[in-house]
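Chemist: Structure, please.
(chains A and B)
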Number of protein chains: 2
Amino acid sequence: SPHLTWSVCTPRVINAEKSEFNEDQAACCQISIRRREPGLEEDEEWLILCSTQFLTGHYWALFDGHGGPDAAIIASNYLHYCIKQKLEEVVGGITEARPPMHLSGRCVCDSDPQFVEEKHIHAADLVVGALENAFQECDEVIGQEMEATKQTGGCTALAALYFQGKLYVANAGDSRAILVLKDNIVPMSSEFTPESERQRIQHLAFLFPKLLDGEFTRFEFPRRLKGDDVGQRVLYRDYFMEGWGYKTVEKADLKYPLVHGHGKQARLLGTLAVSRGLGDHQLKVIDTNIEVKPFLSCIPKVNVFDFALHDIKEDDVLIMATDGLWDVLCNNEVAHVVRSFLAENRTDPQRFSELAKCLVCRARGKKRGHQWMLDDSHEASYDDISVFVIPLHNREKD
Amino acid sequence: SPHLTWSVCTPRVINAEKSEFNEDQAACCQISIRRREPGLEEDEEWLILCSTQFLTGHYWALFDGHGGPDAAIIASNYLHYCIKQKLEEVVGGITEARPPMHLSGRCVCDSDPQFVEEKHIHAADLVVGALENAFQECDEVIGQEMEATKQTGGCTALAALYFQGKLYVANAGDSRAILVLKDNIVPMSSEFTPESERQRIQHLAFLFPKLLDGEFTRFEFPRRLKGDDVGQRVLYRDYFMEGWGYKTVEKADLKYPLVHGHGKQARLLGTLAVSRGLGDHQLKVIDTNIEVKPFLSCIPKVNVFDFALHDIKEDDVLIMATDGLWDVLCNNEVAHVVRSFLAENRTDPQRFSELAKCLVCRARGKKRGHQWMLDDSHEASYDDISVFVIPLHNREKD
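Modeler: Numbers count the residues shown, from 1 in each chain, chains lettered A, B, ... in the order given. Predicted coordinates for the structure are as follows:
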């Protein structure tokens, strides 16, 4: 069946030869969304069972764990269930001709005509809302589960859902999804790191200074300050600044910065390299009582791609990968590998799986002495690397 | 002199025939930034006076007042002074070859090599920071001044600064600036309204529920709910949602929404149509003790245009205008008027002033009976309309 083909041909490969413990997890499944016959009450259960119809979604997700694999494992087993539940809560709005509060239509409110409005809400907005709520629900469940079992850790989450002719990509963390199409590359996610979310994080510390317990400064400086900087003028940024200003260094500025470092070295509270994800409910800054969780967000940013507006070609694919791939290969390099590999392997029925392996091997590099090197003799990725290659042309057209 | 020409040929026109009181204010001036000779201490004042050099900036700003003209008047008299002050605080970083903490360079910190970093900070980032700080400073001064004189009200602020070959546009509110160039239109600002900042505003109410004093709901609904909606399923959004979900209406959901309405009807706390600006320190929701100011931001978003990267043509202009213009004319319509007017009036030395008047007249429309109508027989703007037309070709090239 096309279902089976689509699911099976999306392999994941892990950087197993380098790291002793792998913290990446992946999930891939169909989601069956129960559609209740309109007008039936919850207690008419025998009728519900007789009249149940199902809508099908296709789901792929990558979870990059930190502080242990447990959060990633729970998320890989549970997030799709949360998404199924949240979609079932709104499925009426997606399939009924006249859903509650006239979705996409005009709400007339005779008693209060000045509030009559059209908000242009579409079915896709309900799917986006369901994904946002599902991430939050999954985060709560992970918190309870890990509290109960005394486990620790967290994970990033990148989830793709193909549903009703549209692709939804929900991202919380530093994994990335791109569409590699014949003539262009479409980014389907952006990364959430202490650096990209500096202003949100600093603002929270401004609103609730107690969260830093006197141990951190919320200001950003270009480098760590030291004792003999006191009295000097240095560049700094506060929560409301995209630009930079000068301030005279005081003793309090010598504290460790809330957000510090650049690129892959950027850290939140000196502890975490990502600012969104699931789990980390128990995480504290080492040797302190400072909790990291208040500064984290479990809410994904969801991007939508409507297949009805695009002519999808045979070799067009969705690439999803953890940061292990993107640290060493940029979007253009990945797209180049994708296009040349698929052009050279036109008849291989396993070509999408082989492409996923090929991408992982590129990022892993080759061992030369004690080092792993890329073809261009840059250093390779030492991180876990997980890649999904999802062909778009033969998708189920429902 | 070219200075004078540039300042004089940027007129502002007000919709004076319709509204009895005009709440728009404008300002336009040169800003002289005192550049202190490096190495001089503050107490060597006689040396400072001898060696002072000045850098020149050109400044234009529009302020659209609400709740009275006072905040707009103070801002129009004071914001450029704040900008001058903030620029003087950072001018060393802009002009010195080796500014403190090696602006644009590498900071080497021998004692702590893991923190050595390059942040790629440029002189333009200091100007952006100075503008952000100047808006905040100006807002504080307006607060003190209006408290002392028992005045009330607030205003939006749109400020443009031409400095060292770059154009900076700082915006807090719903005015707009665009560059109309020969071959394209470059938006230089975006609008801050209760609708565009819904998530920021709802999030603050989630963090500090007391700010709503039990009188408002932070949820967004597609229309105002009424008593017989209780128990029904309605669409809603919370602070973390870009999508929509369903919830069952409870009595608390019947409260007035924190952010309500669509487009020009959108209101914050049922009170304000903008979510950023200066002033409003004393503003309370009518008949309550609920303060509006905590939900407002005085911080501008600053956009930068670098003239060194563009070939500016003779008829290229910066258009700045309050919402009175943009409510009835879109960017493309304004650009069309600009290009055709300037092409038809090539020799008129007053053509940029005449163009500003022409844009205001277009938005004001013509009186037919009791109504003001546009050429396309849509209703015209009843708001104040202020327009700057700033030619870019003959700018001072410093």
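Chemist: Only C-alpha atoms from now on, for both contacts and neighbour counts.
Modeler: Noted.
Chemist: Can you spell out the domain ranges of chain A, please?
Modeler: A:9-37+A:51-192+A:297-391, A:197-273 (the TED database).
Chemist: Could you dump those into TSV and include distance to chain B, mean pLDDT and mean neighbour count?
Modeler: Formatted as TSV, these follow (distance: least, Cα to the nearest Cα, whole Å; pLDDT from 0 to 100; neighbours: other Cα atoms under 10 Å in any protein chain shown):
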stretch	distance to chain B	mean pLDDT	mean neighbour count
domain A:9-37+A:51-192+A:297-391	4	86	19
domain A:197-273	4	93	19
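Chemist: so which of those domains comes closest to residue B:235?
Modeler: domain A:9-37+A:51-192+A:297-391 (6.8 Å; Cα to Cα).
Chemist: Look up which helix or strand residue A:339 falls in, please.
Modeler: Under the criterion of DSSP states H and E, residue A:339 resides in helix A:331-344.
Chemist: After that helix, which helix or strand is next?
Modeler: helix A:351-364.
Chemist: Give the other helices and strands that that following helix contacts.
Modeler: Using 3 or more Cα pairs under 8 Å, 6 or more residues apart in numbering or on different chains; DSSP states H and E, the elements in contact with helix A:351-364 are helix A:323-326, helix A:331-344, strand A:387-391.
Chemist: As CSV, the ones you listed with distance to residue A:251 would be great.
Modeler: As requested, those are arranged in CSV below (distance: least, Cα to Cα, whole Å):
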stretch, distance to residue A:251
helix A:323-326, 37
helix A:331-344, 43
strand A:387-391, 47
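Chemist: Return stretch A:327-334 as CSV; C-alpha atoms alone will do.
Modeler: Provided in CSV are the C-alpha atoms of stretch A:327-334 (Å, rounded to 0.1, in the frame of the first residue of the first chain):
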residue,chain,number,x,y,z
ASP,A,327,26.5,21.8,12.3
VAL,A,328,28.6,20.6,9.4
LEU,A,329,26.4,20.9,6.3
CYS,A,330,24.4,24.0,5.4
ASN,A,331,21.1,23.9,3.6
ASN,A,332,22.7,24.4,0.2
GLU,A,333,25.2,21.6,0.7
VAL,A,334,22.5,19.2,1.9
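Chemist: Pretty sure residue A:307 sits against residue A:166.
Modeler: Yes: the pair residue A:307 / residue A:166 is scored as a contact, 5.8 Å apart, by Cα atoms under 8 Å.
Chemist: Go through chain A and flag its longest strand.
Modeler: strand A:53-66 (DSSP state E).
Chemist: Which other helices and strands does that one contact?
Modeler: For strand A:53-66, the packing partners by 3+ Cα pairs under 8 Å, 6+ apart are strand A:24-35, helix A:70-95, strand A:154-163.
Chemist: Can you give the distance from the second one to the centre of its chain?
Modeler: Counting by Cα atoms, centre = their mean, to the nearest Å, helix A:70-95 is centred 15 Å from the centre of its parent chain.
Chemist: now the angle between helix A:70-95 and the following helix or strand past it, please.
Modeler: Following helix A:70-95 in sequence order, the next helix or strand is helix A:123-148 (DSSP H and E). With axes from the mean of the first three to the mean of the last three Cα atoms, to 10 degrees defining the directions, helix A:123-148 sits at 150 degrees from helix A:70-95.
Chemist: picking that back up, with distance to residue B:189 added, can I get the domains of chain A in a markdown table?
Modeler: Converted to a markdown table, the domains of chain A look like this (distance: least, Cα to Cα, whole Å):
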| stretch | distance to residue B:189 |
| --- | --- |
| domain A:9-37+A:51-192+A:297-391 | 23 |
| domain A:197-273 | 15 |
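Chemist: For stretch A:75-95, C-alpha coordinates in CSV please.
Modeler: As requested, the backbone C-alpha atoms of stretch A:75-95 are provided in CSV (Å, rounded to 0.1, in the frame of the first residue of the first chain):
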residue,chain,number,x,y,z
ALA,A,75,8.5,11.9,23.8
SER,A,76,9.1,9.4,20.9
ASN,A,77,6.6,7.1,22.4
TYR,A,78,4.0,9.7,23.4
LEU,A,79,4.0,12.9,21.3
HIS,A,80,2.1,11.3,18.4
TYR,A,81,-0.6,10.2,20.9
CYS,A,82,-0.9,13.7,22.2
ILE,A,83,-1.3,15.0,18.6
LYS,A,84,-3.9,12.4,17.9
GLN,A,85,-5.9,13.4,21.0
LYS,A,86,-5.7,17.1,20.2
LEU,A,87,-6.7,16.6,16.6
GLU,A,88,-9.7,14.5,17.7
GLU,A,89,-10.8,17.4,19.9
VAL,A,90,-10.9,19.8,16.9
VAL,A,91,-11.8,17.3,14.0
GLY,A,92,-15.4,18.6,14.0
GLY,A,93,-14.1,22.0,13.0
ILE,A,94,-12.0,20.5,10.2
THR,A,95,-14.6,18.3,8.6
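Chemist: Relative to residue A:218, how far out is residue A:239?
Modeler: To residue A:218, residue A:239 is 8 Å away according to Cα to Cα, to the nearest Å.
Chemist: so who does residue A:173 touch?
Modeler: A:156, A:157, A:158, A:191, A:192, A:193, A:274, A:275, A:276, A:277 (Cα atoms under 8 Å, 6 or more residues apart in numbering or on different chains).
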